[in-house]
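Asker: Below are the sequence and a predicted model for it; my questions follow.
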Amino acid sequence: MKADQLKERLAPFIAREAGVNQVTIEGLRRMPGGASRETWSFDAVYEQNGTAVRLPLVLRRDPGPYNVQSNRRDEFLLLRAALAEGVPVPRVYWLGDETETLGARFFLMERVEGETIARRLLRDEEYAPARAVMTAQLGEIAAAIHRIDCAKHGLDFLQAPAQESPAAAELEKFEQIFRAIAPEPHPAFELAFRWLRARIPAQARRTLVHGDYRIGNVVFGPEGTRSILDWELAHLGDPMEDLAWPCVRAWRFGSDDKPVGGIGEREELFAAYERAGGGRVDPAHVHFWEVLGNLRWGIICIMQAKTHLDGFVRSVELASIGRRTAETEIELLNLMDNER
């Protein structure tokens with residue numbers, strides 16, 4: 001949807017939800033990234049009870065038909081629950097669906113000022129203090145996420161996997177996706193499936209899992225983490241998944257000597273998680289999830305490319321992500337060869 005059209009349709013929706021006569025949309029711009037969802041930033045300006053209000057907002061909107069299905073209502077409810085439990089996330093305001101004039105599911109949330117571009121975190125001197133503290137912060141925040149009581153907050157749409165092991169369920173899910181979409185053979189993926197099947201953790205507790213917990217989905221400032229974004233892949237599962245995902249090589253953005261997002265060591269992440277009450281961390285258990293995480297990202301790369309190639313969403317970004325499949329194959333071979 002074009003900016004002028006979006007502005008015209010968004011103003012009356014906000015006016016209705018805020019209970020005011022008129023809203024002016026200022027500074028509307030499409031935010032970078034968001035290959036799978038449209039994200040727009042703007043200020044909603046209006047008068048309420050004689051007081052001028054300027055509300056900094058972000059719109060999260062489905063761009064249209066898409067291969068990876070998720071639900072903006074679910075994401076909205078997850079953010080609301082996380083905020084109530086002290087997790088640093090944006091406040092959510094209003095939820096809309098495809099019956100509204102925007103033509104797709106969407107919600108509006110607080111705009112948290114800060115930076116999200118990983119390469120700036122990793123390289124700019126301004127963020128040197130953040131690099132020194134964010135690994136521990138991410139461990140502490142992960143522990144808070146995993147303590148969220150889903151029943152208390154009405155997150156009943158999060159279904160537990162049928163299998164006794166969340167790891168087995170996740171492996172089966174991505175293998176089914178891979179079998180359905182892979183356009184050509186991927187021997188490294190086949191070896192990874194075999195390796196993982198032989199090492200599925202026997203038991204694991206189940207918690208709310210963010211599902212995309214990594215640098216790139218974090219708003220940060222010079223002082224460190226300000227907010228955790230992009231909850232659309234949240235599910236019930238093994239909490240060790242969230243400790244492994246930020247260690248996947250793709251999220252180091254070239255700083256491969258620092259396994260946790262290019263900024264820190266695994267041991268520091270695990271220790272902070274344990275100190276914050278997240279429970280004991282078994283490094284071998286997390287290693288399993290790191291292998292599965294790299295395999296998962298490789299399959300997602302194929303999915304992103306197919307979304308473009310099949311005409312669902314025409315995007316150079318999606319097409320280029322597809323070319324990164326080979327990177328995950330190399331990393332999988334290295335991880336399996338260097339098993340702890």
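Answerer: Perfect, thanks for sending it. Numbering: from 1, shown residues only.
Asker: Which segments of this protein make up each domain?
Answerer: Domain assignment for the chain, taken from automatic domain parsing, gives 3-110, 118-337.
Asker: Comparing the ones you listed by mean pLDDT, which bottoms out?
Answerer: Note on the domains of the chain: domain 3-110 shows the lowest mean pLDDT, a mean of 86.
Asker: if we can go back for a sec, let me have the domains of the chain in JSON lines, extended by mean neighbour count.
Answerer: C-beta here means a position set from N, CA and C on the backbone, and glycine is covered the same way. Listed next are those as JSON lines, based on neighbours: other CB atoms under 10 Å:
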{"stretch": "domain 3-110", "mean neighbour count": "16"}
{"stretch": "domain 118-337", "mean neighbour count": "18"}
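Asker: Residue 123: what's it in contact with?
Answerer: Taking CB atoms under 8 Å, 6 or more residues apart in numbering as the definition of contact, residue 123 has no neighbours.
Asker: whoops, residue 72 was the one
Answerer: For residue 72, counting by CB under 8 Å, 6+ apart, the contacting residues are 60, 61, 62, 95, 97, 105, 106, 107.
Asker: and of those, the nearest to residue 16?
Answerer: Among the contacts of residue 72, residue 95 lies closest to residue 16 (CB to CB), at 12.7 Å.
Asker: counting residues per helix, which one in the protein is longest?
Answerer: Longest helix of the chain, by residue count under DSSP state H: helix 283-309.
Asker: Which is the succeeding secondary structure element to it?
Answerer: Where DSSP states H and E defines the elements, the next helix or strand beyond helix 283-309 is helix 316-322.
Asker: what about the strands in the chain?
Answerer: Ranges of strands in the chain, per DSSP state E, are 24-30, 38-48, 51-61, 92-96, 106-110, 207-209, 218-221, 224-228, 235-237.
Asker: how far out from the middle of the chain is the longest helix of the chain?
Answerer: Distance of helix 283-309 from its chain centroid, counting by CA atoms, centre = their mean, to the nearest Å, is 13 Å.
Asker: ditto for stretch 221-234
Answerer: Distance of stretch 221-234 from the chain centroid (CA atoms, centre = their mean) equals 9 Å.
Asker: Ends of it, what's the gap?
Answerer: Terminal residues of stretch 221-234 are spaced 25 Å apart (CA to CA, to the nearest Å).
Asker: what do you get for stretch 317-330?
Answerer: Stretch 317-330 has its terminal residues 22 Å apart, counting by CA to CA.
Asker: List the beta-bridge partners for the residue nearest to residue 93 when sequence neighbours are not counted.
Answerer: Spatial nearest neighbour of residue 93, chain neighbours left out: residue 108 (4.7 Å); criterion: CB to CB, 6 or more residues apart in numbering. Taking DSSP bridges as the rule, residue 108 bridges to residue 59, residue 94.
Asker: how much space is there between the residue of the chain lying at maximal distance from its centre and residue 20?
Answerer: Most distant from the centre of the chain: residue 50, at 39.2 Å, with distances by CA atoms, centre = their mean. To residue 20, residue 50 is 11 Å away according to CB to CB, to the nearest Å.
Asker: give the contact list for the closest residue to residue 249 other than its chain neighbours.
Answerer: Spatial nearest neighbour of residue 249, chain neighbours left out: residue 331 (4.6 Å); criterion: CB to CB, 6+ apart. Residue 331 is in contact with 248, 249, 294, counting by CB under 8 Å, 6+ apart.
Asker: Then residue 251?
Answerer: 118, 214, 215, 216, 245, 261, 262.
Asker: at 7 Å what do you get?
Answerer: When contacts are counted by CB atoms under 7 Å, 6 or more residues apart in numbering, residue 251 touches 214, 215, 216, 261.
Asker: how close does it get to residue 45?
Answerer: Residue 251 sits at a distance of 37 Å from residue 45 (criterion: CB to CB).
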